[in-house]
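# Return a 3D structure for these sequence lines:
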Amino acid sequence: MNTQKSKQAFDLAQNVIPGGVDSPVRAFKSVGGTPLFIERGEGAYLVDIDGNRYVDFVQSWGPLIFGHCDKTIEDAVIKAVKNGLSFGAPTEVETKLASRICDMFESIDKVRFVNSGTEAVMSAIRLARGYTGRNDILKFEGCYHGHSDSLLVQAGSGALTFGTPSSPGVPADFTKHTLLAKYNDIQSVKKSFENSNDIACIIIEPVAGNMGFIPADEEFLQELRTLCDENGTLLIFDEVMSGFRASLKGAQGISNVIPDLVTFGKVIGGGMPVGAFGGKLDIMNQLSPDGPVYQAGTLSGNPVAMEAGLASVSKIIENRDLYSSFEAKAKRLVSGFKEAANEAGISLQVNVRGSMFGFFFNDNEVKNFDDALKSDGEAFSKFHQAMLNEGFYFACSQFETGFICAAISDEIIDDCIQAAKKIMKTLK
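Coordinates of the predicted model:
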């Protein structure tokens, strides 16, 4: 496979862009090789600037439920662009998309749009602090909630450790109110409550997609809900990745737990940069201009992004039966991978929720970040590179998630499994 143009493009990019990329994972440092520079998308496929064609299991990290260049979404964007790119003023399409989201989720009475998942989470946490009058937040090791200062916290030595910054440029004072607990471990959460009576919120990816793919146990989520109720703490579901992906209603379609606040991104923009956060009336009414908690954004509710999101969400609702097909394909894909690994004498852990899937080269079931770190990164890197050579594009980190889109056919799944069988034999 010739990638000479991508190599040249990466060399040029590094002269003017830090690391040659605008988001670190894209640099391929954890999997080796040169990042592929993409020219266009076609349904289930990506085409790079060298003309190589790949089945895309990343789908722009989740939002492209119907694949690249879906005509319905594309037409909505083109129509919106002809009316203007941005107004900095209200439009009716914001209300239409907000209504669709509120109608879908029992936990949401009102929703506010922002421009990214990072902004959605940052705003939801500020709202939780303003509503409760408390300072501390509790997050889980390995869960990523964007790059705002208070959330860039490395894993400390257990639940009692207050967070310390994991990036230069983040003052320790910004993270001193961030507590860490272990995913799927309720005892670590209880210890945090024993050591602080100032916890405004717990924020969690109920289907974690940023330490690899690790769904939360239902019992764990139920116990989080109970702890929050007992302590006057808000429960925030970060569904930036899982919203409309884990099911039609995200994690809330497969769990009985109802959060106080929810953050969205990805899918509700149909591929455009969009985020949102929503919740019950009494909480959301604390936002300015109705309440004292300030949040604003010039491009929030951008009309082009709103039209793309409305087209995407509306089409999803009209085709909700697709989720059973997504899950069946995802299960068949990772089951094929596991069978191929078993035949090659390799331990592989797999998991699926709706259109989301993941796999770890690991001897044991992966339930949290510590477990994920014990995975064989070298095996993943070799597998990733070899699958690229076979024409299959997976996330360029073992700590990410895969996605099925409507354009991925049963034949594509079969071809991918066959390629995996050939590659697994070379990894032992």
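# Quick one: end-to-end length of stretch 256-275, please.
24 Å (Cα to Cα, to the nearest Å).
# gap between that stretch and the chain center?
Here the centre of stretch 256-275 is set off from its chain's centre by 9 Å, with Cα atoms, centre = their mean, to the nearest Å.
# what residue lies at the spatial centre of the protein?
Geometric centre of the chain, nearest residue: Met241, 2.7 Å, by Cα atoms, centre = their mean.
# Pull the contacting residues for Ile417.
Shown in contact with Ile417 (Cβ atoms under 8 Å, 6 or more residues apart in numbering): 332-333, 336-337, 340. For glycine as for every other residue, the C-beta is placed from the backbone atoms N, C-alpha and C.
# Can you mark which positions in the helix or strand where it lies are buried?
Element membership of Ile417 [criterion: DSSP states H and E] is helix 410-427. For helix 410-427, the buried set under the neighbour-count rule, 16 or more other Cβ atoms under 10 Å, comprises 412-413, 416-417, 419-421, 423-424, 427.
# Distance to Ser397 and pLDDT for the residues you listed - can I get that in a markdown table?
As requested, the buried residues of helix 410-427 are arranged in a markdown table below (distance: Cβ to Cβ, whole Å; pLDDT from 0 to 100):
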| residue | distance to Ser397 | pLDDT |
| --- | --- | --- |
| Ile412 | 22 | 98 |
| Ile413 | 22 | 98 |
| Cys416 | 19 | 98 |
| Ile417 | 22 | 98 |
| Ala419 | 20 | 98 |
| Ala420 | 18 | 98 |
| Lys421 | 23 | 97 |
| Ile423 | 18 | 98 |
| Met424 | 20 | 97 |
| Leu427 | 18 | 93 |
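# got TSV for these, with distance to Val262 too?
TSV is the format used below for those (distance: Cβ to Cβ, whole Å):
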residue	distance to Val262
Ile412	32
Ile413	31
Cys416	33
Ile417	35
Ala419	37
Ala420	35
Lys421	40
Ile423	38
Met424	38
Leu427	39
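# Now do the strands in the stretch 101-250 of the chain.
110-114, 136-140, 178-181, 199-204, 207-208, 214-215, 234-238 (DSSP state E, counting those that start in this stretch).
# Show me what the third one is packed against.
Right, the one you point to is strand 178-181. Helices and strands touching strand 178-181, by 3 or more Cβ pairs under 8 Å, 6 or more residues apart in numbering; DSSP states H and E, are strand 136-140, helix 186-195.
# hey, which of those is tucked in deepest?
Stretch with highest mean neighbour count among the helices and strands packed on strand 178-181: strand 136-140 (a mean of 25; mean count of other Cβ atoms under 10 Å).
# what sits up against that one?
By Cβ under 8 Å, 6+ apart, the surrounding residues in contact with strand 136-140 are 125, 128-129, 145, 150-151, 153, 163, 177-183, 189, 192, 196, 198-205, 208, 233, 368-369.
# Give me the domain ranges for this structure.
The chain is divided into the following domains under automatic domain parsing: 4-69+321-427, 71-318.
# thinking again about what came up before, just confirm the residue nearest to the centre of the chain contacts Glu205, I think it does.
Yes. Look at Met241 against Glu205 with Cβ atoms under 8 Å: they come within range, at 6.9 Å.
# Stretch 198-208: which residues count as buried?
For stretch 198-208, a neighbour-count test (16+ other Cβ under 10 Å) marks 199-208 as buried.
# Show me which of these is closest to Ser247.
Val207 (9.4 Å; Cβ to Cβ).
# ok, the residue found closest to that closest one once you drop the neighbours it is linked to in the chain - contacts?
Nearest residue to Val207 in three dimensions, chain neighbours excluded: Ser242, at 4.0 Å (Cβ to Cβ, 6 or more residues apart in numbering). Listed by Cβ under 8 Å, 6+ apart, the contact set of Ser242 reads 205-207, 209, 250-251, 353, 356.
# what's the answer for Phe399, then?
Here Phe399 is in contact with 30, 142, 210-212, 372 (Cβ under 8 Å, 6+ apart).
# for Ser86, same thing?
Shown in contact with Ser86 (Cβ under 8 Å, 6+ apart): 298-299, 302-304.
# and of the residues you listed, the nearest to Asp56?
Nearest to Asp56 among those: Val304, at 23.1 Å, using Cβ to Cβ.
# Which strands and helices lie in contact with the helix or strand that closest one falls within?
Assigned by DSSP H and E, Val304 belongs to helix 303-318. In terms of contacts (3+ Cβ pairs under 8 Å, 6+ apart), helix 303-318 is packed against helix 71-81, helix 92-104.
# In a markdown table, list these along with distance to Val313 and mean pLDDT.
Formatted as a markdown table, those follow (distance: least, Cβ to Cβ, whole Å; pLDDT from 0 to 100):
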| stretch | distance to Val313 | mean pLDDT |
| --- | --- | --- |
| helix 71-81 | 10 | 98 |
| helix 92-104 | 5 | 97 |
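# Confirm that Arg40 sits in a strand.
Yes. Using DSSP: H, G, I helix; E, B strand; the rest coil, the assignment for Arg40 is a strand.
# what's the neighbour count on it?
Other residues lying near Arg40 total 11 when counted by other Cβ atoms under 10 Å.
# helix/strand/coil for the closest residue to it other than its chain neighbours?
Spatial nearest neighbour of Arg40, excluding adjacent residues (Cβ to Cβ, 6+ apart): Val47 at 5.2 Å. Three-state assignment for Val47 (three-state DSSP): strand.
# What count of nearby residues applies to Val47?
Neighbourhood size, Val47 [other Cβ under 10 Å]: 17.
# Could I get the contacting residues of it?
The contact partners of Val47, taken as Cβ under 8 Å, 6+ apart, are 38-41, 53-54.
# And the helices in the stretch 201-350 of the chain?
218-231, 281-284, 303-318, 322-343 (DSSP state H, counting those that start in this stretch).
# Most tightly packed of the ones you listed?
Of all the helices of the stretch 201-350 of the chain, helix 303-318 has the most neighbours on average by mean count of other Cβ under 10 Å, namely a mean of 22.
# which residues are contacting that one?
Residues from elsewhere that reach helix 303-318, judged by Cβ under 8 Å, 6+ apart: 63, 65-66, 70, 72-73, 75-77, 79-81, 83-87, 91, 93-94, 96-97, 100-101, 104, 113, 115, 244, 248, 267-274, 322.
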